[in-house]
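**Q** Sequence and computational prediction follow.
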Amino acid sequence: MKNFNSGTIINQGYYNAFIPNIINREWVLDNIDVQYLLSHADRLLGKMDMYSQYVDIDLFLKMHIVKEATQSSKIEGTQTNYEEAFMKKEDIVIERRDDWEELQNYISAMNFAVNELKTLPFSTRLIKQTHKILLQGVRGKQKLPGEFRRSQNWIGGVTINEARFIPPPHTEVQELISDLEKFANNENNRLPDLLKIALIHYQFETIHPFLDGNGRIGRLLITLFLVSKGILKYPILYLSDFFERHRDLYYDNLTIVRRENDINQWLKFFLVGVMEISNKGIETFDGILKLQKSINERIAKLGVRAEDARNLINCLYKKPIINAIEAQIICNKSLASIYKLLSDLEKMGILHEITGGQRGRNYIFKEYIELF
């Protein structure tokens with residue numbers, strides 16, 4: 001980006017805060033490396049979106065959302081793993097239940113936001129409502145869920161004097177978010193949408209408008225924006241997996257923008273993330289199609305129980321952990337028949353028992369989970 005200036009450091013007495021410059025303005029794209037990566041990222045994103053139309057996306061969408069929730073929460077220090085996300089609260093060890101509840105809130109917030117896009121634009125109202133669900137009844141519930149902060153916050157360090165970064169004063173937040181919202185919905189601004197959302201994510205993380213939950217909301221905005229613009233038909237691109245695996249680079253590149261006015265490095269990092277996650281998404285969809293074919297061939301050998309097995313597997317595509325009682329409800333058969341069916345699926349390697357006990361046994365659809 002030509003002549004980019006990130007913002008201004010202002011003295012607030014005993015600390016310095018950073019106020020970013022507005023982003024709803026004309027941009028000149030003059031970096032050939034960014035243009036090259038943008039072309040590839042657009043192509044791969046379009047290919048992944050096309051792939052999503054060849055599978056029954058409603059069956060698999062929850063898996064994508066849970067993966068994003070798990071990875072995004074992991075960046076914030078939450079320890080819940082992918083399998084635990086599908087378990088009931090009582091099956092989670094007590095010391096990890098707070099983490100589990102935060103993860104469930106994130107899943108609820110994501111589902112809410114994606115659904116609200118059908119009637120609401122990409123907006124401050126949507127961001128606030130999603131944030132309210134994110135912090136409802138969990139750690140952070142005292143930190144103004146659904147409301148912008150009314151005090152100074154900071155990133156890194158126990159005290160503000162030790163902070164790695166100090167966002168703008170709270171008095172600047174409303175105006176900066178309003179500018180971000182205008183930029184997101186400015187149809188006259190001809191900057192490519194992938195670069196737009198890269199800038200929006202950077203700006204949101206720099207403003208840090210909430211007292212808690214900024215990282216998770218900021219990462220969710222990426223997918224919401226792409227769906228709102230029709231670039232993705234379904235919410236299937238989530239960059240938290242990429243950001244988590246390159247966490248230091250993620251924070252370093254955001255910092256470089258503010259300190260050195262180098263927006264191009266951030267844009268390149270972001271576009272590489274889109275390319276990598278799109279490639280992985282294509283591989284996942286391809287793996288799903290192959291797995292479905294393999295599973296159908298295997299359960300056909302069950303004869304009269306094949307139909308029950310098929311009904312069970314279709315439910316496992318949405319929630320890949322199950323117990324006998326849940327299976328009985330799905331198949332509407334006796335418990336004896338269900339235990340026999342679960343045993344057969346276990347012998348086939350389709351299901352794996354994970355509790356190791358004789359009672360209250362849980363089974364996972366391991367091959368499927370591993371695709372994600």
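**A** It's in.

**Q** in this structure, which ranges drop under the pLDDT threshold?
**A** 357-358 (pLDDT under 70).

**Q** Longest helix in it, by number of residues?
**A** Taking DSSP state H as the criterion, the chain has its longest helix at helix 263-299.

**Q** Could you list the buried residues of that one?
**A** 263-278, 281-282, 284-285, 288, 291-292, 295, 298-299 (16 or more other CB atoms under 10 Å). No exception for glycine: its C-beta is placed from N, CA and C like everyone else's.

**Q** Check stretch 321-339 too.
**A** For stretch 321-339, burial by neighbour count (16+ other CB under 10 Å) applies to 321-324, 326-328, 330-331, 338.

**Q** Which ones among these map onto strands?
**A** 321-323 (DSSP state E).

**Q** Could you save these as CSV and add columns showing distance to Lys196?
**A** Listed next are those as CSV, based on distance: CB to CB, whole Å:
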residue, distance to Lys196
Ile321, 38
Ile322, 42
Asn323, 45
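
**Q** would you list every one of the helices in the stretch 1-150 of the chain?
**A** Counting by DSSP state H, counting those that start in this stretch, the stretch 1-150 of the chain has helices at residues 32-51, 57-75, 97-116, 124-135.

**Q** Go through those helices and name the closest to Cys315.
**A** helix 57-75 (9.1 Å; CB to CB).

**Q** Just give the closest residue to the residue most central in space within the chain, not the sequence neighbours.
**A** The chain has Glu68 as the residue nearest its centroid, 3.3 Å off, counting by CA atoms, centre = their mean. Spatial nearest neighbour of Glu68, excluding adjacent residues (CB to CB, 6 or more residues apart in numbering): Tyr238 at 3.5 Å.

**Q** my guess is the one you found meets Gln71, correct?
**A** Yes - assessed by CB atoms under 8 Å, Tyr238 is found in contact with Gln71 at 7.3 Å.

**Q** Between those two, tell me which one has more neighbours.
**A** Tyr238 (22 against 19; other CB atoms under 10 Å).

**Q** List the contacts of that one.
**A** When the contact criterion is CB atoms under 8 Å, 6 or more residues apart in numbering, the partners of Tyr238 are 64-65, 67-68, 71-72, 219, 222-223, 277.

**Q** closest to Phe148 among these?
**A** Using CB to CB, these come closest to Phe148 at Arg219, 18.4 Å.

**Q** So the closest one sits against Ala69, correct?
**A** No - using CB under 8 Å, Arg219 is not in contact with Ala69, being 10.1 Å away.
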